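Asker: have a look at this fold, sequence not included:
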């Protein structure tokens, strides 16, 4: 969680510093198209857990989730962010720098689902981030025939509900936040009637993935994208997991490469985990390289290397799409692959 907060601070510092620079208009940003064979549809759901009291509101726990799925290609093009969430990011990076509200995705609302045999995958974003900041990865998975469910977790995410917008809160107990995110995950599985899924997440979403796998046997395989697993806040580093798990890290954390050979929390998780496991490292990436920021920020004037490193954004996204899809194809669909035997992209290293 600390790494995400630092990333948010760096974004604000780097881009708000540009407020005095004259610009013709805020930057309009584009997302790369998914690479699978299917057009992608999307739908939002407002879920209410009437059996659980939200510890921060004292009311029934509410969630907003999005579905991305293979579709017939009809419907209306979907914007990446709802107005309230777009405004959060616009203000975060500084007035006039970028126009997050204008970004259109490659998904369509109202699209007819195709009658394909879908496997389901959950996505959990980092703390202080929206589920929509993982659009490039989740759309790609949906275009390959997966049903992807993106979850927002209040109060550490900007979330637009039908009747209001909730913004991230700071100064919360990370252990309590993580525990509620794990409960959110099981609740979504209950609500959607899912019994065999994969899961991945960025930053605290990666930690959520590992702890949710410990708590819920319905999650058969998981991926942590550059998320710390501090043992003070959760169980993953102490208990490990028994089912397949992929670590993907980039750049450095506390001055050391973000992989299990150099980070104590990842090393403890690696040693405790008894199932299939791999560690894929992108040495020139940084923390926000594992979100849409890696392809969006280069479209905004300024130096963004503190957030997304010096890795080629196109190459980084291509590598992540390749490895994330190959992992779930292997462990949810039983499709063999060689990408974990040797590095399958120039920007990655496999850490034994």
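Answerer: Yep, that arrived. Because the structure is predicted, anything quoted here is derived from the model rather than measured. Residues are numbered from 1 along each chain as shown.
Asker: from here on, just use CA atoms for contacts and neighbour counts.
Answerer: Noted.
Asker: and the pLDDT at residue 253?
Answerer: pLDDT, residue 253: 84.
Asker: once you drop chain neighbours, what's closest to it?
Answerer: Nearest residue to residue 253 in three dimensions, chain neighbours excluded: residue 263, at 7.6 Å (C-alpha to C-alpha, 6 or more residues apart in numbering).
Asker: residues contacting that neighbour?
Answerer: Contacts here follow C-alpha atoms under 8 Å, 6 or more residues apart in numbering; on that basis residue 263 touches 253, 256-257.
Asker: strands along the stretch 51-200 of the chain, start to end?
Answerer: With strands called from DSSP state E, counting those that start in this stretch, the stretch 51-200 of the chain shows them at 60-70, 76-79, 104-109, 120-124, 147-151, 159-161, 164-166, 197-202.
Asker: for the longest one, buried residues please.
Answerer: Just to be clear, that refers to strand 60-70. For strand 60-70, burial by neighbour count (16 or more other C-alpha atoms under 10 Å) applies to 61-70.
Asker: which parts of the stretch 51-200 of the chain are helices?
Answerer: Secondary structure of the stretch 51-200 of the chain by DSSP state H, counting those that start in this stretch: the helices cover 83-93, 135-143, 174-192.
Asker: would you single out the least confident of these?
Answerer: Set side by side, the helices of the stretch 51-200 of the chain show their lowest mean pLDDT on helix 83-93, which sits at a mean of 92.
Asker: just give the number of residues close to residue 28.
Answerer: Applying other C-alpha atoms under 10 Å, we find 16 residues neighbouring residue 28.
Asker: what of residue 27?
Answerer: 19.
Asker: burial check on the residue found closest to it once you drop the neighbours it is linked to in the chain, number of neighbours?
Answerer: Leaving aside its sequence neighbours, residue 27 sits nearest to residue 98 (C-alpha to C-alpha, 6+ apart; 4.3 Å). Residue 98 is surrounded by 25 other residues when neighbours are defined as other C-alpha under 10 Å.
Asker: residue 98 touches residue 28, doesn't it?
Answerer: Yes: taking C-alpha atoms under 8 Å as the definition, residue 98 is a contact partner of residue 28 at 6.3 Å.
Asker: list the buried residues of stretch 325-336.
Answerer: Of the residues in stretch 325-336, those scored as buried under the neighbour-count criterion (16+ other C-alpha under 10 Å) are 325-329, 331-332.
Asker: give me whichever of the helices of the stretch 51-200 of the chain is most buried.
Answerer: For the helices of the stretch 51-200 of the chain, average neighbour numbers computed from mean count of other C-alpha atoms under 10 Å are highest in helix 135-143, which has a mean of 27.
Asker: so where is the protein shaky, pLDDT-wise?
Answerer: Residues of the chain meeting the criterion pLDDT under 70: 1-24.
Asker: moving C-terminal of the lengthiest helix in it, what's the next helix or strand?
Answerer: When secondary structure is assigned using DSSP state H, the longest helix within the chain turns out to be helix 313-333. Using DSSP states H and E, the helix or strand that follows helix 313-333 in sequence is strand 349-350.
Asker: give the full set of residues in contact with residue 336.
Answerer: 329-330.
Asker: so it versus residue 41, what's the distance?
Answerer: Separation of residue 336 from residue 41 (C-alpha to C-alpha, to the nearest Å) stands at 28 Å.
Asker: now swap in residue 291 and tell me
Answerer: Shown here: residue 291 relative to residue 41, a distance of 20 Å by C-alpha to C-alpha.
Asker: and these two? Which one has more around it.
Answerer: A direct count of neighbours by other C-alpha under 10 Å for residue 291 and residue 41 places residue 41 higher, at 30 against 25.
Asker: surely the more buried one forms part of a helix?
Answerer: No: the assignment for residue 41 is strand, going by DSSP: H, G, I helix; E, B strand; the rest coil, so no helix is present there.
Asker: correct me if wrong: it contacts residue 114.
Answerer: No: under the criterion of C-alpha under 8 Å, residue 41 makes no contact with residue 114, lying 9.4 Å away.
Asker: overlap in contacts, the two.
Answerer: Taking C-alpha under 8 Å, 6+ apart as the contact criterion, the common neighbours of residue 41 and residue 114 are 70-72.
Asker: of those residues, which is the nearest to residue 187?
Answerer: In terms of C-alpha to C-alpha, no member of the shared contacts of residue 41 and residue 114 lies closer to residue 187 than residue 70, at 23.7 Å.
Asker: sorry, back to before: for the residue nearest to residue 253, grab phi and psi.
Answerer: Dihedral angles of residue 263 (phi, psi; degrees, to the nearest 10) stand at phi -110, psi 130.
Asker: show the backbone phi and psi for residue 219.
Answerer: The phi/psi pair for residue 219 (degrees, to the nearest 10) reads phi -90, psi 110.
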